[in-house]
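J.: Let's see this in three dimensions:
(4 chains)
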2 protein chains.
Amino acid sequence: MISHMDDVAGLEHDRDRLGRSSTAERVADILRERIAQGFFSPGQRLSEEAIGAALGVSRNTLREAFRLLSHERLLEHRLNRGVFVRVLSTDDVADLYRVRRVIEVSAVRHASAEGIAAMREAVEDGERAARENRWREVGTANIRYHQALSRLNGSQRLDDLMRQLLAELRLVFHVMRNPRSFHEPFVARNRTLLELLAAGETEKAERELVSYLDDAEALLMEAYRPQP
Amino acid sequence: MISHMDDVAGLEHDRDRLGRSSTAERVADILRERIAQGFFSPGQRLSEEAIGAALGVSRNTLREAFRLLSHERLLEHRLNRGVFVRVLSTDDVADLYRVRRVIEVSAVRHASAEGIAAMREAVEDGERAARENRWREVGTANIRYHQALSRLNGSQRLDDLMRQLLAELRLVFHVMRNPRSFHEPFVARNRTLLELLAAGETEKAERELVSYLDDAEALLMEAYRPQP
DNA sequence: AACATAAGTATTGTTCAACAATTCGACAAG
DNA sequence: CTTGTCGAATTGTTGAACAATACTTATGTT
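T.: Now for the predicted structure:
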């Protein structure tokens, strides 16, 4: 009997992807994607009645979804006034990059062969998309790159934090008028950092990463200053 | 006209302390405290009907509170089965200490005079409580100490992460039979680390901290192995 | 006795309708 | 131009209802 179980053992890994589908969570998934794609603009209010009617769910269920996204800092819940798509201040951007420096610098010190392979894939995807002038894809490849970098830490919780953090940053990206000017310089720098890590040059890699993040923050701040 | 506005300008800072009291959040506060104090045991199921009746709130409101605490990883939501007080595995403990190493080591590198003062207060509270054999207070002082340490990073988000992380660790502490044996050694080590930081010996401080966390993790794992 | 199956119960998931509480804009009064 | 008041619109919260799922107990078969 047990011999038959061995065939099924591999499935246990995917088990959590089955049961975890309550309506509220699926609603949250939909809204999260819409926000990430810029379908909802920062500052926009999300009406319970309108969205509830549009998705065909009750207000209570929708409110549960709102709570989830508020906790992820994608929505902002103001008492008796509703939920709004988060508007990041320059202080928020500064804080996000403080966290990125902590997590990603630590990741560089934990570099491993398998982890670097995942980064390499993201780099090549980004380079390919850049050659074909698909800058939206360059952006997503860049996000995958930094997720892979963060994963070097080997911590589920830091991965979650990084994912949430990059989702917040997307709120800023959508405000920028010219995505190419922001993403273009970092295609090459992703490659540079990758090769330094692959060569075991962690010292140089760390310096490159810090300079990388400083530049990215400065560029973002520059593009973000006008309308705060 | 604008000159009159200057008087009010200082109030904007306190604005967030006004509205923040919805029933669901207050319920979450109560439950969070109960969990922290070990009133609810890890693994215990929290019945919607029972707790809703005890607190005098409707199921819908209570469920919103459950969502909040589930997202903080204090409760675990299993579909169609209810919410349970989280039971941490040894893998969880290992992950928590991975995150602590990243955050706290980074904090050591950002040490500043004002931040160290807050740590000194926590150290002295802990030493006082230890002299008077109040080991529960030693535990809370220790938590305050590490929160103050984390605050050296100067990041709101890292502070939040640290607070959540220490709340999770409390779930483990309650399983231990003898709190004294766990907390006692670290009263002196908190002082040691503090003085190294105050003296600007960041190199030594970092080594001490890493060794500190390694020992704490090992001790916790040892006490935690029997019953998972 | 062991095991599978089926019925029944309890609990959660979701919706709906209602009302209280709060915000916001408009308009009037000073 | 400020202040006060009214009313519409929206959120906050409740309670009840029903569906969907999990747990328990009883039942029947081998």
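J.: what about stretch A:84-97, near DNA strand C?
T.: No. For stretch A:84-97, no contact with DNA strand C is found by CB under 7 Å from any atom of the strand; the gap never falls below 10.5 Å. Yep, even glycine has a C-beta here, placed from its N, CA and C like the rest.
J.: That stretch and chain B in contact?
T.: Yes. Interface with chain B: stretch A:84-97 contributes A:95-96 (CB under 8 Å from any CB of the partner chain).
J.: What residues of that stretch count as buried?
T.: Buried residues in stretch A:84-97, counted by 16 or more other CB atoms under 10 Å in any protein chain shown: A:84-88, A:92-93, A:95-97.
J.: pLDDT on that stretch, on average?
T.: In this model, stretch A:84-97 has a mean pLDDT of 96.
J.: ditto for stretch A:133-150
T.: 95.
J.: circling back: among the buried residues of stretch A:84-97, which ones are in helices?
T.: A:92-93, A:95-97 (DSSP state H).
J.: Other residues contacting the helix ranked longest in chain A?
T.: Counting residues, the longest helix found in chain A (DSSP H) is helix A:202-224. Residues outside helix A:202-224 that contact it (CB atoms under 8 Å, 6 or more residues apart in numbering or on different chains) are A:90, A:93-94, A:97, A:100-101, A:104-105, A:108-109, A:111, A:172, A:175-177, A:182, A:185-186, A:189, A:192-193, A:196-197.
J.: Out of those residues, which end up buried?
T.: If we count by 16+ other CB under 10 Å, these have these buried: A:93, A:97, A:100-101, A:104-105, A:108, A:111, A:172, A:175-176, A:182, A:186, A:192-193, A:196-197.
J.: And the most centrally placed residue in chain A, its phi and psi?
T.: Closest residue to the average C-alpha location of chain A: A:Leu166 at 2.9 Å, with CA atoms, centre = their mean. Dihedral angles of A:Leu166 (phi, psi; degrees, to the nearest 10) stand at phi -70, psi -30.
J.: Which is the succeeding secondary structure element to the host helix or strand of A:Ala50?
T.: Secondary structure from DSSP states H and E places A:Ala50 in helix A:48-55. Heading C-terminal from helix A:48-55, the first helix or strand you meet, by DSSP H and E, is helix A:59-71.
J.: tell me which residues in that next one are buried?
T.: A:60-71.
J.: just checking, what packs against it?
T.: When contacts are defined as 3 or more CB pairs under 8 Å, 6 or more residues apart in numbering or on different chains; DSSP states H and E, helix A:59-71 packs onto helix A:23-36, helix A:48-55, strand A:75-78, strand A:82-85, helix B:59-71.
J.: Looking at those, which is nearest to A:Arg225?
T.: Among those, strand A:82-85 comes nearest to A:Arg225, with 20.3 Å by CB to CB.
J.: Extract the C-alpha set from the closest one and format it as CSV.
T.: Coordinates of each C-alpha in strand A:82-85 appear next as CSV, following Å, rounded to 0.1, in the frame of the first residue of the first chain:
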residue,chain,number,x,y,z
GLY,A,82,-13.2,54.0,2.4
VAL,A,83,-10.2,52.5,0.9
PHE,A,84,-7.9,54.3,-1.5
VAL,A,85,-5.1,53.1,-3.7
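J.: low pLDDT regions in chain A?
T.: A:1-20, A:226-228 (pLDDT under 70).
J.: Close to DNA strand D: what parts of it are there?
T.: A:19, A:45-49, A:59-60, A:63, A:77, A:79-82.
J.: Walk me through the domains of chain A.
T.: Using automatic domain parsing, the domains assigned to chain A come out as A:2-85, A:90-224.
J.: residues from chain A in reach of DNA strand C?
T.: A:22-24, A:56-61, A:79-81.
J.: Just put those residues in JSON lines and tack on distance to B:Arg225.
T.: Shown next, in JSON lines, are these (distance: CB to CB, whole Å):
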{"residue": "A:Ser22", "distance to B:Arg225": "34"}
{"residue": "A:Thr23", "distance to B:Arg225": "40"}
{"residue": "A:Ala24", "distance to B:Arg225": "37"}
{"residue": "A:Gly56", "distance to B:Arg225": "49"}
{"residue": "A:Val57", "distance to B:Arg225": "45"}
{"residue": "A:Ser58", "distance to B:Arg225": "46"}
{"residue": "A:Arg59", "distance to B:Arg225": "47"}
{"residue": "A:Asn60", "distance to B:Arg225": "43"}
{"residue": "A:Thr61", "distance to B:Arg225": "41"}
{"residue": "A:Leu79", "distance to B:Arg225": "45"}
{"residue": "A:Asn80", "distance to B:Arg225": "49"}
{"residue": "A:Arg81", "distance to B:Arg225": "50"}
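J.: So which of those residues is the closest to chain B?
T.: A:Leu79 (4.2 Å; CB to the nearest CB).
J.: Run through the residues of chain A sitting next to chain B.
T.: So chain A meets chain B at A:19-22, A:24, A:60, A:63-64, A:67-68, A:71, A:78-80, A:95-96, A:98-99, A:102-103, A:105-106, A:153-158, A:161, A:165 (CB under 8 Å from any CB).
J.: mind running it again at 6 Å?
T.: Within chain A, the positions adjacent to chain B are A:19, A:22, A:60, A:64, A:67, A:71, A:79, A:95, A:98-99, A:102, A:106, A:155-158 by CB under 6 Å from any CB of the partner chain.
J.: of all those residues, which two lie farthest apart?
T.: Going by CB to CB, the pair spanning the residues of chain A next to chain B furthest: A:Asn60 and A:Ser106, at 41.1 Å.
J.: Could I get the buried residues of stretch A:84-97 in TSV, plus columns for distance to A:Asn142?
T.: Listed next are the buried residues of stretch A:84-97 as TSV, based on distance: CB to CB, whole Å:
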residue	distance to A:Asn142
A:Phe84	27
A:Val85	22
A:Arg86	21
A:Val87	23
A:Leu88	18
A:Asp92	20
A:Val93	16
A:Asp95	20
A:Leu96	15
A:Tyr97	15
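J.: tell me which of these is nearest to A:Ser41?
T.: A:Val85 (6.4 Å).
J.: Thank you kindly, that will do.
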